[in-house]
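> I would like to see how this sequence folds:
(2 chains)
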Protein chains: 2
Amino acid sequence: MDIKSGLLKKDKRAAARLISMMENGETEAINIIKECYSMTGHARIIGITGPPGAGKSTITDRLTKQLRKAGKQVGIVAVDPTSPFTGGAILGDRVRMTDLSTDPGVFIRSMGTRGALGGLSKAVHGTVRILDIFGMDYIFVETVGVGQSEIDIVRLADTVVMVMVPGLGDDIQTIKAGIMEIGDVFAVNKSDRDGAERTAAEIEAMLDFNRNDKYRPPVLNIIAKDDAGMEKLLELIENHWEYQNKSGGYIQKKANRLKTEIMDIFRDEVMKTVYGLSEDTNIIDELVQRVMDRQTDPYSAADKLMNEFRKNRQHSH
Amino acid sequence: MDIKSGLLKKDKRAAARLISMMENGETEAINIIKECYSMTGHARIIGITGPPGAGKSTITDRLTKQLRKAGKQVGIVAVDPTSPFTGGAILGDRVRMTDLSTDPGVFIRSMGTRGALGGLSKAVHGTVRILDIFGMDYIFVETVGVGQSEIDIVRLADTVVMVMVPGLGDDIQTIKAGIMEIGDVFAVNKSDRDGAERTAAEIEAMLDFNRNDKYRPPVLNIIAKDDAGMEKLLELIENHWEYQNKSGGYIQKKANRLKTEIMDIFRDEVMKTVYGLSEDTNIIDELVQRVMDRQTDPYSAADKLMNEFRKNRQHSH
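Model prediction:
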């Protein structure tokens, strides 16, 4: 059975294979997504983000189980930090999800942050497309909410759940401030710990500063491991979805998301062409050597690269 | 006085102005860096990275004071997370450095992580160049060591000091694993806390896995706020510098760094051209609309953008 038929027949191995092919930039994978693109748009995409140790995996796990009880199909894309020592995505929390991975209505995929040249965002976008074509009703995208690239990735979600925990230090609060804006629903997990109410109050106080928006993100205390507050959390996610559909904000959000995706693909194509250029002629290494010898500078070297790129594109078309 | 003369006469305001111009991508700034490029290569670049709250600012502060006593000029580039609420770089630790900022032999610059399109790495590279031309002997680049973009930035340093603290949770240890590879010197700060020896031992154990390299990064317990171990830390930084110069590894590192810089500049130029294209013709918005109407897909849209880009480059040359 070929990959495309497998995907449409809901064969998980075909989906997994297609994702790998797409990650490797194989033309065949891109062509399958192009051909099936009109089938996308069904899945609801939910981002789960927050600092390390906030319990994002447990929350995803519990929400997935609720959705499964309601008969929904669920995809999970977990963006993991990559260890240069182990060479792949760190399993960490993922191993806890093994009971989900045997559920035929659930598809879990981990992706490392190693992929250079901004390729990760493109890979996550592509995976979400594939799981959407596959027929998933909900797709969770889980990322550690620190760092610009992680923020960019979670922006592709329809609804972003920002997970916090009580008692993080001041510096972590500072980091959090940088990503407050992208939260549609705030969940203070591990709320059996001291300071849970205070953390919720602090988030509310930060939200008071944000006067641009008519939508006020709700803040909820939960204990994911005990399943406390998890039904309410799903309800708040649904509320946000209904709000943005009614308000028309969803159209703009979808447009922004598509723009990011198109630009990511475009940039990736440019860089691939340039590196391809390099394999043939070693031009990049030559330029580096000339800068090292101070015969030129990095800016002029980039200009030269642009000229080569332009020449190459002209020849090949 | 024009900016270039100001820079060469060690006028800090001229340097600050030039950095802002470079951040904004002004051609004049790039031309000044090009003209003065042969003056670069003097400064030693030291990266200070680690998780939030590890005390990176205090360490930079103490090392700077030691270097100042030895008569060295010091530049500090602090990469801060950006708050969408405040709209700029979060001062946070920076405010502690006010005593340094009045020292004429010290130049401090904060940069936010907001700049999209991979512009931050390029901006940090450019700032380091400018401070190098300015005549700084040492330049510290301080970043929160989480997220791929932050890791990319700290790679530009000649020597990377990885700061850890005792008693971080397991999840933070996981994050740390992802960036262990880039540490040339490990400093366990706040070593008056419980578990400092254990943290150092854990780092040593992780380093045992890394058999590729002949250089074994040293691990040092310090208490930066009490100035304990700080002279030894500077000594270890110097040792690493001498090692890599003797071993020849520095040439390869410099080449890799330049390659990254050239590619960053190139990519930025491409994206600027494409966005310029968009301002004229609205082509990106049109493509987004067509994908939303499912008349096309994101991959085909990116192909169209590439054609437009190519056409535009042909016309303008």
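> Ends of stretch A:30-43, what's the gap?
Start-to-end span of stretch A:30-43 (C-alpha to C-alpha, to the nearest Å) is 19 Å.
> May I see the buried residues of that stretch?
A:30, A:32-33, A:36-37, A:39-40, A:43 (16 or more other C-beta atoms under 10 Å in any protein chain shown). To be clear about C-beta, it is placed using only N, CA and C from the backbone, and glycine gets the same treatment.
> Could you list which of those residues belong to helices?
If you go by DSSP state H, the buried residues of stretch A:30-43 have A:30, A:32-33 in helices.
> of those residues, list those near chain B.
Among these, proximity to chain B is found for A:30, A:33 (C-beta under 8 Å from any C-beta of the partner chain).
> okay, the ones in helices among the buried residues of stretch A:30-43 in CSV with pLDDT next?
Formatted as CSV, those follow (pLDDT from 0 to 100):
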residue, pLDDT
A:I30, 89
A:I32, 95
A:I33, 93
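> For chain B, state which of the ones in helices among the buried residues of stretch A:30-43 is nearest.
Nearest to chain B among these, counting by C-beta to the nearest C-beta, is A:I30 at 5.2 Å.
> Out of the helices and strands in chain A, which is least certain?
helix A:170-177 (a mean of 50; mean pLDDT, DSSP states H and E).
> Beyond that helix, next helix or strand please.
Using DSSP states H and E, the helix or strand that follows helix A:170-177 towards the C-terminus is strand A:185-188.
> got a list of what A:G71 touches?
Applying C-beta atoms under 8 Å, 6 or more residues apart in numbering or on different chains to A:G71 gives no contacts.
> Spell out which parts of the stretch 201-317 of chain A neighbour chain B.
A:206, A:209-210, A:251, A:254-255, A:258-259, A:261-263, A:265-267, A:269-271, A:274, A:284-285, A:287-289, A:291-292, A:294, A:297-303, A:305-306, A:309-310, A:313-314, A:317.
> Going through these, which ones are buried?
For those, buried by 16+ other C-beta under 10 Å: A:206, A:254, A:258-259, A:261-263, A:265-267, A:269-271, A:274, A:284, A:287-288, A:291, A:297-303, A:305-306, A:309-310, A:313.
> What about the residues you listed, which are in helices?
Per DSSP H, those map to helices at A:206, A:254, A:258-259, A:261-263, A:265-267, A:269-271, A:274, A:284, A:287-288, A:291, A:298-303, A:305-306, A:309-310, A:313.
> hey, where'd the strands end up in chain A?
Secondary structure of chain A (DSSP state E): strands at A:44-50, A:74-80, A:106-112, A:138-144, A:159-164, A:185-188, A:219-221.
> and the fifth one, how far out from the chain's middle?
For strand A:159-164, the distance from its own C-alpha centre to the chain's C-alpha centre is 13 Å (C-alpha atoms, centre = their mean, to the nearest Å).
> Kindly report the same for the second one.
For strand A:74-80, the gap between its own C-alpha mean and the chain's C-alpha mean amounts to 8 Å (C-alpha atoms, centre = their mean).
> for stretch A:299-310, same thing?
Remark: stretch A:299-310 is offset 32 Å from the chain centroid, using C-alpha atoms, centre = their mean.
> What mean pLDDT does that stretch get?
For stretch A:299-310, mean pLDDT is 86.
> One more: stretch A:65-81?
On average, stretch A:65-81 scores 91.
> could you list every residue that touches the nearest residue to A:A255 once chain neighbours are set aside?
Among residues not flanking A:A255 along the chain, B:V288 sits closest, at 5.2 Å (C-beta to C-beta, 6 or more residues apart in numbering or on different chains). Going by C-beta under 8 Å, 6+ apart, B:V288 touches A:255, A:258-259, A:262, B:301.
> Farthest pair within the residues you listed?
A:A255 and B:A301 (12.3 Å; C-beta to C-beta).
> which residues of the stretch 101-250 of chain A score low on pLDDT?
Filtered on pLDDT under 70, the stretch 101-250 of chain A yields the residue ranges A:113-119, A:145-151, A:168-179, A:210-213.
> Mind doing that once more with 50?
A:115-118, A:170-172, A:174 (pLDDT under 50).
> separation between A:K225 and A:K190?
8 Å (C-beta to C-beta, to the nearest Å).
> Quickly list what's touching both of the two.
A:G55.
> neighbour-wise, which of these two wins?
A:K190 (22 against 14; other C-beta atoms under 10 Å in any protein chain shown).
> How about the more buried one, nearest residue that isn't a chain neighbour?
Using C-beta to C-beta, 6+ apart, the nearest residue to A:K190 is A:V165, at 4.8 Å.
> That neighbour reaches A:R198, doesn't it?
No: using C-beta atoms under 8 Å, A:V165 is not in contact with A:R198, being 11.9 Å away.
> Quick check on the two: which one has the bigger neighbour count.
The neighbour count for A:V165 versus A:R198, taken as other C-beta under 10 Å, is higher for A:V165 (20 against 12).
> give the contact list for that one.
A:50-51, A:53-55, A:188-190, A:193, A:199 are the contacts of A:V165 under C-beta under 8 Å, 6+ apart.
> Could you chop chain A up by domain?
A:1-37, A:40-247, A:264-316 (automatic domain parsing).
> winner for burial among those?
Mean neighbour count (mean count of other C-beta atoms under 10 Å in any protein chain shown) peaks for domain A:40-247 among these, with a mean of 19.
> start to end distance for that one?
22 Å.
> Then stretch A:216-227?
Span of stretch A:216-227 from end to end, C-alpha to C-alpha: 25 Å.
> what's the answer for stretch A:218-231, then?
Start-to-end, stretch A:218-231 (C-alpha to C-alpha) is 14 Å.
> contact partners of it?
With contacts defined as C-beta under 8 Å, 6+ apart, stretch A:218-231 is touched by A:55, A:58-59, A:61-63, A:66, A:185-192, A:196-197, A:200, A:203-204, A:207, A:232-233, A:236, A:239.
> and the strands of chain A as JSON lines, adding distance to A:H125?
Putting the strands of chain A into JSON lines (distance: least, C-beta to C-beta, whole Å) gives the following:
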{"stretch": "strand A:44-50", "distance to A:H125": "10"}
{"stretch": "strand A:74-80", "distance to A:H125": "10"}
{"stretch": "strand A:106-112", "distance to A:H125": "11"}
{"stretch": "strand A:138-144", "distance to A:H125": "10"}
{"stretch": "strand A:159-164", "distance to A:H125": "15"}
{"stretch": "strand A:185-188", "distance to A:H125": "22"}
{"stretch": "strand A:219-221", "distance to A:H125": "28"}
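> Looking at those strands, which is nearest to B:L7?
Here strand A:138-144 is closest among these (C-beta to C-beta), at 39.4 Å.
> name the helices or strands packed onto that closest one?
strand A:44-50, helix A:56-69, strand A:74-80, helix A:119-134, helix A:148-154 (3 or more C-beta pairs under 8 Å, 6 or more residues apart in numbering or on different chains; DSSP states H and E).
> Identify whichever of the ones you listed lies nearest to chain B.
Nearest to chain B, of the helices and strands packed on strand A:138-144 and by C-beta to the nearest C-beta, is helix A:148-154 at 4.8 Å.
> how near is A:T159 to chain B?
Look at A:T159 and chain B: by C-beta to the nearest C-beta, to the nearest Å, they are 18 Å apart.
> Also A:G183?
Taken as C-beta to the nearest C-beta, the span from A:G183 to chain B is 11 Å.
> Return the residues in contact with that residue.
A:49, A:160-162, A:217.
> again, only this time at 7 Å
A:160, A:162, A:217 (C-beta atoms under 7 Å, 6 or more residues apart in numbering or on different chains).
> Would you format the contacts of B:V288 as CSV with distance to B:I153 included?
Below are the contacts of B:V288 laid out as CSV (distance: C-beta to C-beta, whole Å):
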residue, distance to B:I153
A:A255, 31
A:L258, 29
A:K259, 25
A:I262, 26
B:A301, 31
